[in-house]
Every structure is written in structure tokens, then in C-alpha cells.
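K.L.:
Build the 3D model from these lines:
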Amino acid sequence: MSQDTADPADEIKHLIASIFASFAAGNVNGIDDCLDDSATIWDVFTPDLIVGKAARDEFHARDRAQMRARGLLHLDVGPAIVDVRGDVAWARYLVTFHYEPPGETSGTVRVTDVLVRRDDGWRVVHHHEGLAPVGPPS
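P.N.:
This next block holds a predicted model:
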């Protein structure tokens, strides 16, 4: 389907699904193909803002090492709410995750992606993750 007739929101939802499929498969190149070279990332388990490709490459190397120490990962990516304004879009969705032992942990992550349309399709320019609260503090 050509870009002129495709629904931009559907294209973005497909892009998001491909990012998480690549992540689950450990395919860093599949993730990077969806990101702008200058993309910034707030990762749920990393305190610092990841800025640009070089920092992302370092982050992916650390993350691959951590993945070997964690257990099997299960992900459920919820439906995205997508708004498109010309060549800029933003998507909001939830990701529920569960790592099996030995590093068992689980939770729900709130995600916001900001995207721009390039000649070759949509690219994420900012990806923001934050753990969803489980209720009010005690």
C-alpha cells in the first residue's frame, strides 16, 4: 500500500508492533531501523536519557548482557492511541511485561512515542517509558 493511501495511524501501530517483536527476538537492528538516528530514549530500567545512535549502541550492548541474566521475557503490547498532525505523530500505549526466574519481575509500562514521517516512512524520534503505578502510595 502506498504512503498516500495508507492510514498513518495504522502504519505507526505496525511500526510499534515491529519494534517490540524485534526486542523480544533480541534483534537490535530491527529496533534501530524504526528509530531516527538522533532519537532519544527514556528506558524504564535506565536512569539516564539515551541520546543518539552511539549512546543507543552502548545501551543495547548493556541490555543484551542483562537479558542473559534475566529469565524468559513475556510481553503484551496494548492498543495504541495515535494522533497524527501532518508529518508528526505521537502514540500512547501500555506494555505489560513478565520476566521468568532467575531475574523474575513484572509490571506495566506506560509508553509515549513521538514520530516524524521521513521519505522512507515513520521514525521514532523520542521513546518514553515509565512504570505505571499500582495505586496511591501507602
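K.L.:
hey, let's count contacts and neighbours off CA atoms from now on
P.N.:
Noted.
K.L.:
quick one: buried residues of the helix-or-strand element of the chain with minimal mean pLDDT?
P.N.:
Within the chain, confidence by mean pLDDT, DSSP states H and E is lowest for helix 52-69 among all helices and strands, at a mean of 87. Judged by neighbour count (16 or more other C-alpha atoms under 10 Å), helix 52-69 contains these buried residues: 52-53, 56.
K.L.:
any residues touching it, and which ones?
P.N.:
Helix 52-69 is contacted from outside by 26, 28, 37-40, 50, 102-103, using C-alpha atoms under 8 Å, 6 or more residues apart in numbering.
K.L.:
would you turn those residues into TSV with secondary structure?
P.N.:
As requested, those are arranged in TSV below (DSSP: H, G, I helix; E, B strand; the rest coil):
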residue	secondary structure
26	coil
28	helix
37	strand
38	strand
39	strand
40	strand
50	strand
102	coil
103	coil
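K.L.:
Let's have those in CSV, adding pLDDT, distance to residue 92 and neighbour count.
P.N.:
Output for the contacts of helix 52-69, formatted as CSV (pLDDT from 0 to 100; distance: C-alpha to C-alpha, whole Å; neighbours: other C-alpha atoms under 10 Å):
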residue, pLDDT, distance to residue 92, neighbour count
26, 84, 23, 15
28, 88, 22, 17
37, 93, 21, 16
38, 94, 21, 15
39, 97, 17, 20
40, 98, 16, 21
50, 98, 20, 21
102, 89, 31, 10
103, 86, 28, 15
